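> I would like to see how this sequence folds:
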Amino acid sequence: MRWSHMAVAGLLAAPLAMTAAPAYATNTGYGSAYAITAAGPVAIPPTTTVSSAGRRPLSKSLIALPANPVLHARALNSAAWAGHARASVAELALAKAQLVAKLVTATCEHGRGASHLVHVKLGGHVLAATPRPNSGIDIALGPLGTATGMLNKQVRNADGSLTVTAIELKVPLGPAGVQTISVASATCGGTGSGAVDPSAPDEHTPPNGNGGPGAPGTPGHPAAPAPKPTPVGGELPVTG
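The predicted structure is shown next:
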């Protein structure tokens, strides 16, 4: 996928536009988010990490991940403020696993979460755009083995906050090992969160269902460079 600089700039600005008019007077609690993290042949610490209990959004964006041999992503965004968090990643690709995505987002608003997957394919399968909470996937990747994971993962934390991770995967890459990735993670909670328990885990959602692995970080600042990735030595929800 080739995107113009203007298109990428628009995606970087999108989370700010979405948070332009919250009801600040009623916001309580805290939020935190990050766009992506990974472990395995390529290790990527939580990137575009933000955390805030303020009444106005704290945001962080990155045009693209630093070059690495496994995982590629552009327009990484995170935003957090009292009781709210949002994260998104565009133009995601893990070529060996036939994983491509136009846009992946996660939102958490006062204890309620949601994920949205725009044109996401894994192993040639189109994944559901709005997977149910905790939708398990199990996808054969030919000689590489089987990719496993969860879409719209929602976990209630000990403090009552909710963590939503849009995509969490373990992908075998042959002799290189197993690559794990978590894409678009948002956590919200605290006083006045109105917490609602997510649906019970559904380890393997049947094909054509409505269904569908994240840690909050510390406050960040816009335009800070992401840490450099470090190389180290069926059942699924579908659409159509």
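> contacts, neighbours, all on C-alpha from now
OK.
> What distance do you get for A53 to G83?
7 Å (Cα to Cα, to the nearest Å).
> got it, and T107?
Counting by Cα to Cα - T107 and G83 are separated by 11 Å.
> Give me the more crowded residue out of these two.
G83 (30 against 27; other Cα atoms under 10 Å).
> quick one: contacts for the more buried one?
Residues near G83 by Cα atoms under 8 Å, 6 or more residues apart in numbering: 27-31, 53, 108-111, 188-190, 192-193.
> try 6 Å this time
G83 makes contact with 28-31, 110, 188-189, according to Cα atoms under 6 Å, 6 or more residues apart in numbering.
> Would you agree V118 is in contact with V100?
No: counting by Cα atoms under 6 Å, V118 does not reach V100; the two are 10.0 Å apart.
> top of the contacts of G83 by neighbour count?
Result: C188 is most packed of these (other Cα under 10 Å), 35 neighbours.
> what helix or strand is that one on?
strand 178-189 (DSSP states H and E).
> For that strand, which helices and strands make contact with it?
strand 30-39, strand 84-94, strand 99-109, strand 162-172 (3 or more Cα pairs under 6 Å, 6 or more residues apart in numbering; DSSP states H and E).
> report the angle between the axes of it and strand 99-109?
Counting by axes from the mean of the first three to the mean of the last three Cα atoms, to 10 degrees, strand 178-189 points 20 degrees away from the direction of strand 99-109.
> Make sure I have this right: P143 is in a helix.
Yes: in this structure, P143 lies within a helix as judged by DSSP: H, G, I helix; E, B strand; the rest coil.
> And the strands in the chain?
Counting by DSSP state E, residue ranges of the strands within the chain are 30-39, 42-47, 50-52, 58-64, 72-81, 84-94, 99-109, 112-122, 125-126, 135-140, 146-156, 162-172, 178-189, 230-231.
> Only the buried residues of the fourth one, if you could.
Meaning strand 58-64. 58-64 (16 or more other Cα atoms under 10 Å).
> what stretches of this structure score poorly on pLDDT?
1-27, 191-240 (pLDDT under 70).
> can you rerun that using 90?
1-28, 68-70, 95-98, 123-124, 142-144, 173-176, 190-240 (pLDDT under 90).
> which residues touch G189?
G189 neighbours (Cα under 6 Å, 6+ apart): 29-30, 83, 111, 161.
> Need the residues you listed in CSV (columns: distance to N77).
Shown next, in CSV, are those (distance: Cα to Cα, whole Å):
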residue, distance to N77
G29, 21
Y30, 18
G83, 18
G111, 20
S161, 21
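> Identify, from the residues you listed, the entry nearest to I181.
Nearest to I181 out of the contacts of G189 is S161 (Cα to Cα; 22.1 Å).
> hmm, back to that, ok, V118 and V100, which is more surrounded?
Applying other Cα under 10 Å to V118 and V100 shows that V100 carries more neighbours, namely 22 against 16.
> How many neighbouring residues does the nearest residue to T28 once chain neighbours are set aside have?
In space, and not counting its chain neighbours, T28 is closest to A82: 5.0 Å by Cα to Cα, 6 or more residues apart in numbering. A82: 29 surrounding residues under other Cα under 10 Å.
> Thank you kindly, that will do.
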